[in-house]
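# Sequence and predicted structure are below.
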Amino acid sequence: MEQLTAAAVISFSERLQEVSARFYQDLAAAYPPHRAAAADYATRCERDKTQIVRTYRETVTDALETGYSFAGLTLPAGLLEASVPAGDWEAARERAAALEEGAAAFYEEVATRSAALLATIPRAFRRVAERRARQAAAWREMA
Amino acid sequence: MAVLENPIKEVRTLQNYIDGEWVDSQGELVDVVNPATLETVARVPISTAAEFDQAVAAAQGAFEDWRRTPPLARARCLFRLKELMEQEFEELSRIQTVEHGKTIDESRGETRRGIEMVEVATGIPSLMMGNNLEDVASGIDEYLIRQPLGVFGIIGPYNFPCMVPLWFIPFALATGNTVVVKPSSEDPLSQLKLVELAEEAGFPEGVWNVVNGGRSVVGAMIEHPDIQGVCFVGSTPVAKNVIYPGCGRTGKRVIAQGGAKNFGLVMPDADLPHTIAGCMTSFFGNAGQRCLANANLVVVGEGMTESELDAYYEQVVEAFVASARRITIGNGLDEAVQMGPLRDPGKKANVVRYIEQGIAEGATLCLDGREFALVGDYPKDAFLGPTVFTDVTPEMTIAREEIFGPVAAILKARSLDEAIAMIHANPFGNAASIFTDSGKWAREFQYRTRCGNIGINIGLVAPMAFFPFSGMKDSFVGVLHGQGQDTIRFFTESKVVIQRWF
């Protein structure tokens, strides 16, 4: 069973937020009718990244105390390869929904596994999980 | 998993920081070596006593102006320093990993704890307030004011090169004193980075000085008549035989934090998964090079029969060893790694000698850290895996002496009384933990155990910046501790004024 350090989980979270932000920037550029929503999501991804890193840095000593709580967590590496399909809005919308669902599931799992830490860590992850779940639902509703 | 970029790009010859200037030392140069790669990352001077004297003169010269600086203005320097430490958080942390070997998570934790010291010290306008009482006699009022004393010397250890000097520096400066810091010559880089930030934060020249070096600087610090007090964290022999008597002879204040041999008690009702998780960081974090690391795990059979205790002991051992075996070892800049190397190959050799002694004295080596898999391609010279001994008795050397490495000894006690007696038979008294669901046992343990820092279902008993970092018996000599209100009192004189107006 793989044991993930807090540093590894946070690094992955940072990259996931960066990839997500880039995905939405590309989506905004490729599909002008959906530019506003996509650009807004890109900005939120950047903000969430800052929030996650700040929370981690402020509570890393608590993470160390129970530093092995991420044992068994699998990092969904496939999410980091998200890219925007060209010329097919339905496919792009579907890709966005899948990215949001994958991200929401990941952050929810991290929040649950870090429940033994100070409240700020699971709370930060859960907030991102909930928002990304809402975004997933929004994309689905557009179908 | 990502291996983070090394922030140190060139091998520099380090300088001292005296009176707001970076100055070369005339002392011999010693290599600072990254224990994970065995690469030289800097050359540190072993400064002379004369160079130390220059720093004290600068600090003494800066003292009068600094003490007259309003506490709020002094606090603002600390606020700016805190902000700069946040901005440079990652670089400060990576430097610690390179100079010491600890994992990046551990370094970030150390940086955070350092920042917390600065944050607490910014409260100095409140922390330093005295008190008063009207009409102690007819028309007479009496009040207490806290005044700074002058120049303090601060000696840092190698195991927490960034954080430990910060147990003292922010409080010394906030109270209006000036300092001369001697970082560990083994890993001085993060202290030099810190003073760079202090310079940027606007501390006046001479208020915060750094002199690299070794014994000659320590000796000069103890003897210098303008040094008002010394803060030391290191080994017990140096604390007890050098720092404490030296400061006593020369009339200085002293905080001298020494070694440790910490016990963790596992009671029959302990939540084992959480207990074992807490134990992993406690026993093996920082590769066991912590004065708060647990070293002896005592499985306590309070209320159990002998056979029940034997079965419980086996259950705890099995869970402990299974977790320890999974710890990944390698370069601390690799985010997949959970334990870095010891500070240098010599320290590893010392720990290996203890392992051999444990075997020779009849303990059972059930996890041999001399055999381990390394993540990445690095020289193994300073690395050692988690090591676990069972069938350990309190008389064995590995149960009595501070090993300062990733070695756990698992003992057995029939009762809480017997376990506490084991702790009391040991000369150290830094920290002790109990893992239990019983408030009664926890209270009993807290009340009776003669150790400075007590953990109840906490493996790593590290006091926050607003509480003193305690310690008893051979783990501490002095009266007041670092951190918290203790340190405010340490760095100030209590002056009492009694006044009457005719």
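Structure received.

# If I look at the residue nearest to residue B:488 when sequence neighbours are not counted, what pLDDT would I see?
In this structure, residue B:488 finds its nearest non-sequential neighbour in residue B:127, 5.1 Å apart by CB to CB, 6 or more residues apart in numbering or on different chains. Quick note: C-beta positions are derived from backbone N, CA and C, even for glycine. Here, the pLDDT recorded for residue B:127 equals 97.

# who touches residue B:127 in this structure?
Shown in contact with residue B:127 (CB atoms under 8 Å, 6 or more residues apart in numbering or on different chains): B:120, B:121, B:174, B:485, B:488.

# which of these has the most neighbours?
Counting neighbours by other CB atoms under 10 Å in any protein chain shown, residue B:121 comes out on top of these with 28 neighbours.

# Tell me which helix or strand the nearest residue to that residue once chain neighbours are set aside sits in.
Spatial nearest neighbour of residue B:121, excluding adjacent residues (CB to CB, 6+ apart): residue B:170 at 3.5 Å. Secondary structure assignment for residue B:170, by DSSP states H and E: helix B:169-174.

# After that helix, which helix or strand is next?
With DSSP H and E, the next secondary element past helix B:169-174 is strand B:178-182.

# For that next one, which strands pair with it and how are they oriented?
Note on strand B:178-182: by DSSP bridges, its sheet partners are strand B:151-155 (parallel), strand B:208-210 (parallel).

# right, and the helix or strand after the longest one?
It stands for strand B:151-155. Using DSSP H and E, the helix or strand that follows strand B:151-155 towards the C-terminus is helix B:163-166.

# so how far is that following helix from its chain's centroid?
7 Å (CA atoms, centre = their mean, to the nearest Å).

# and what of stretch B:376-387?
On CA atoms, centre = their mean, the centre of stretch B:376-387 falls 23 Å from that of its chain.

# For that stretch, list every residue counted as buried.
Within stretch B:376-387, the residues scored as buried using 16 or more other CB atoms under 10 Å in any protein chain shown are B:378, B:382, B:383, B:384, B:385, B:386, B:387.

# Also stretch B:409-429?
B:409-413, B:416, B:418-420, B:422-423, B:426, B:428-429.

# Adding distance to chain A and secondary structure, write those out as JSON lines.
JSON lines is the format used below for the buried residues of stretch B:409-429 (distance: CB to the nearest CB, whole Å; DSSP: H, G, I helix; E, B strand; the rest coil):
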{"residue": "B:409", "distance to chain A": "21", "secondary structure": "strand"}
{"residue": "B:410", "distance to chain A": "19", "secondary structure": "strand"}
{"residue": "B:411", "distance to chain A": "23", "secondary structure": "strand"}
{"residue": "B:412", "distance to chain A": "25", "secondary structure": "strand"}
{"residue": "B:413", "distance to chain A": "25", "secondary structure": "strand"}
{"residue": "B:416", "distance to chain A": "24", "secondary structure": "helix"}
{"residue": "B:418", "distance to chain A": "28", "secondary structure": "helix"}
{"residue": "B:419", "distance to chain A": "23", "secondary structure": "helix"}
{"residue": "B:420", "distance to chain A": "24", "secondary structure": "helix"}
{"residue": "B:422", "distance to chain A": "25", "secondary structure": "helix"}
{"residue": "B:423", "distance to chain A": "22", "secondary structure": "helix"}
{"residue": "B:426", "distance to chain A": "24", "secondary structure": "coil"}
{"residue": "B:428", "distance to chain A": "22", "secondary structure": "strand"}
{"residue": "B:429", "distance to chain A": "22", "secondary structure": "strand"}
